[in-house]
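In: Let's see this in three dimensions:
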Amino acid sequence: MKTVLEVITATTDYFAKNQVESARLNIEHLLAHVLGKKRMELYLEFDRKLSEGELAPLRELVKRRAAGEPLQHLLGTVEFLKHTLRCDKRALIPRPETEELCELLFAEAKAEGCTWKSGRIVDVGTGSGCIALALAAAFPEARLDAVDISDDALALAKENATKVGLAERVTFTKGDLLADVDGPFDLIVANLPYIPSAEIPTLQREVLRDPHNALDGGPDGLVFVRRLLEQAATKLRPGGCIALELALDQPAKLAAELSGKNYRDTKIVKDYTQRDRFLCTTHG
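Out: The predicted structure follows:
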């Protein structure tokens, strides 16, 4: 029988040969999952012998991970800020950049005169529900709506709302962007599909396990974002805000397009890697 450390070492090499990023971290997570332990607890059990009953399910998970199935899908959960959310192929896996978007809003809420923290907030393209649930937890006086066009994504988001005890705080609606929800809203937040169609085939194999409609943003990646901005003009209160997660040159491109369209105080915010990532603007 192999020990915990022997399994970790051998599988790390196997993952590395199969282009799995963070190979050792991946096997540690999978082994902890199979053993029903926290990952750091493995470090106290390196000499423990693993039984065949423990190794058999681990081998299957290792095979699937080496073939490109995302770690979060295999674990069935993902950590997002203070929440542990269910995660599977029904919706986009929440990314660290989206956590940054929420943290940006937490910081903005501290500014004098911020009204949306106790007003109406809508998360458009909610996916797993991660943004809506993070904001519902942070702003208990706010009214949260979450919209998605996918039945599968909405089902997952509702499950997550129940899992973290916020089902009564968020209203989930199936709809095409803002077309099927009634305003006015004080804040619209969205992480919509923003990858240009031509770039989809070049994405990492793990990313390609996400739903296609959660990735493809059209020719320049901004088809859905532009539609959202057009709809927002009639759904926002005067002085209402929009916060978007974007990529590459998209924030600057959109900021230029918003000039003269009754949006003001538009700003571009960088992510932790110093790339332009977020756009915030005020309407009216």
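In: need the helices for the stretch 151-284 of the chain, in chain order.
Out: 151-163, 223-232, 250-258 (DSSP state H, counting those that start in this stretch).
In: Which among the ones you listed is found nearest to His33?
Out: Of all the helices of the stretch 151-284 of the chain, it is helix 151-163 that lies closest to His33, at 17.2 Å by C-beta to C-beta. Every C-beta, even on glycine, is put in place using the N, C-alpha and C of the backbone.
In: which other residues reach that closest one?
Out: Residues outside helix 151-163 that contact it (C-beta atoms under 8 Å, 6 or more residues apart in numbering): 83-86, 88, 90-91, 126-130, 132-133, 146, 148, 167, 169-170, 172, 174, 211, 214.
In: How about stretch 204-221?
Out: Contact with stretch 204-221 is made by 68-70, 73, 89-93, 125, 127, 149-150, 152-153, 192-198, 200, 203, 223-225, 247, 250, 253, as judged by C-beta under 8 Å, 6+ apart.
In: Kindly recompute the last result at 7 Å.
Out: Residues from elsewhere that reach stretch 204-221 (C-beta atoms under 7 Å, 6 or more residues apart in numbering): 68-70, 73, 89, 91-93, 127, 150, 192-197, 200, 223-224, 247, 250.
In: Any of those residues buried? List them.
Out: Among these, the ones that count as buried by 16 or more other C-beta atoms under 10 Å are 69-70, 73, 91-93, 127, 150, 192-196, 223-224, 247, 250.
In: how close does Arg120 sit to Leu215?
Out: According to C-beta to C-beta, to the nearest Å, Arg120 stands 29 Å off from Leu215.
In: Comparing the two, which residue is more hemmed in?
Out: Between Arg120 and Leu215, counted using other C-beta atoms under 10 Å, Arg120 has the larger neighbour count: 21 against 18.
In: so what's that one scoring on pLDDT?
Out: The model reports Arg120 with a pLDDT of 97.
In: all strands for the stretch 51-200 of the chain, in order.
Out: 77-80, 83-86, 120-124, 143-148, 170-174, 185-190 (DSSP state E, counting those that start in this stretch).
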